[in-house]
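**Q** model the structure of this input:
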Amino acid sequence: MRCWQVKKKLIRLSEQFLIMGGLQVFVLNYLKMAVVPSFFLIWLLILVWEGDREIALLLSVLTGIVYDVISKGIPGVSSAIFLVIIYINCFLKPSSLASRLMAAFMFSLFYFFMLLFGHQKGFLWSASALLKYSVLYALYNISVLFFIELGMKKFRWKEKRQYLSI
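**A** Okay, here's the model as predicted:
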């Protein structure tokens, strides 16, 4: 890859990180909901699906630490869970929107379960509350993924249209 391509990719990733971070901060701090979606998790999944596996693995550690700091969690917990999810996701190749939504749903459930698992205590919530809120969390995440995918398709369509009109 040429130097200007690397710079362009780093700028694009930095912009995406700032946008996802801004959305995550806004949702965590200003929307008073019991469960909020993880824009970072969805972004990392999309990076893998778009072919940026190595970058997504590296960014999973960084975004996990940032997410833990923003959400006032234990630094490193989300990093470890993000890293496992992104590593497993590297072996999947969902091509359709439906398969991506299903993968995001399953990974969101996994993330929520692992986040609420104490080392020697087991799950920190009752089974019914854990199931209810994990499904709610996964539904929030797939709705975020759906709107991001729609935006990406619209953006790509505009690029093709502008290219064809030149």
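**Q** may I see the buried residues of the longest helix along the chain?
**A** With residue count as the measure and DSSP state H as the assignment, the chain has helix 127-165 as its longest helix. Neighbour-count burial for helix 127-165 flags 130, 134, 136-138, 140-142, 144-145, 148-149 (criterion: 16 or more other Cβ atoms under 10 Å). Backbone N, C-alpha and C define where each C-beta goes, glycine included.
**Q** swap in stretch 76-83?
**A** Along stretch 76-83, the positions that meet the burial threshold by neighbour count (16+ other Cβ under 10 Å) are 77-79, 81-83.
**Q** among those residues, which lie within helices?
**A** For the buried residues of stretch 76-83, membership in helices holds for 77-79, 81-83, with DSSP H as the criterion.
**Q** how about the residues you listed in TSV, adding distance to F112 and pLDDT?
**A** Shown next, in TSV, are these (distance: Cβ to Cβ, whole Å; pLDDT from 0 to 100):
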residue	distance to F112	pLDDT
V77	13	82
S78	11	82
S79	16	86
I81	10	87
F82	13	88
L83	16	90
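**Q** pick the one among those closest to Q16.
**A** Of all those, F82 has the smallest distance to Q16: 15.4 Å, by Cβ to Cβ.
**Q** got a list of what the closest one touches?
**A** For F82, the contact set (Cβ atoms under 8 Å, 6 or more residues apart in numbering) comprises 40-41, 44, 60-61, 63-64, 67, 111.
**Q** please apply the same query to S38.
**A** Residues touching S38, when contacts are defined by Cβ under 8 Å, 6+ apart, comprise 24, 67, 108, 111, 137, 141.
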